[in-house]
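In: predicted model and sequence below, questions to follow.
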Amino acid sequence: MKNFAIKLVWFTTVYVFVFAGLCQTNVALPVIMTLYCIGIPLIVFMVYTVLHDDYKTSKTFKDWYEDHPMETLEKEEN
């Protein structure tokens, strides 16, 4: 599956926001604790997946950012 890591990051982000929203409501404590116990391993799995992703790029630090013109970068270095 292509881009599994970014999909996992989006899913985890939505999960955390939903969890935070449910914590502000009158949801039963066992439901909140169950979501909490699922969320912690989900975050750990997300971090592990992102760090071990086989993403390859041809860009280097010298390429800078795509929205930052190289002319201004060269002027800032001088």
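Out: The structure has been received and is ready for your questions.

In: on the three-state scheme, residue 57 is what?
Out: coil (DSSP: H, G, I helix; E, B strand; the rest coil).

In: what is the neighbour count of it?
Out: With neighbours defined by other CB atoms under 10 Å, the count for residue 57 comes to 6. In this view, the C-beta of every residue, glycine as well, is placed from N, C-alpha and C.

In: for it, give its distance to residue 11.
Out: To residue 11, residue 57 is 23 Å away according to CB to CB, to the nearest Å.

In: what do you get for residue 48?
Out: 15 Å.

In: grab the most central residue of the protein for me.
Out: The chain has residue 9 as the residue nearest its centroid, 4.1 Å off, counting by CA atoms, centre = their mean.

In: secondary structure element holding it?
Out: Per DSSP states H and E, residue 9 falls inside helix 4-23.
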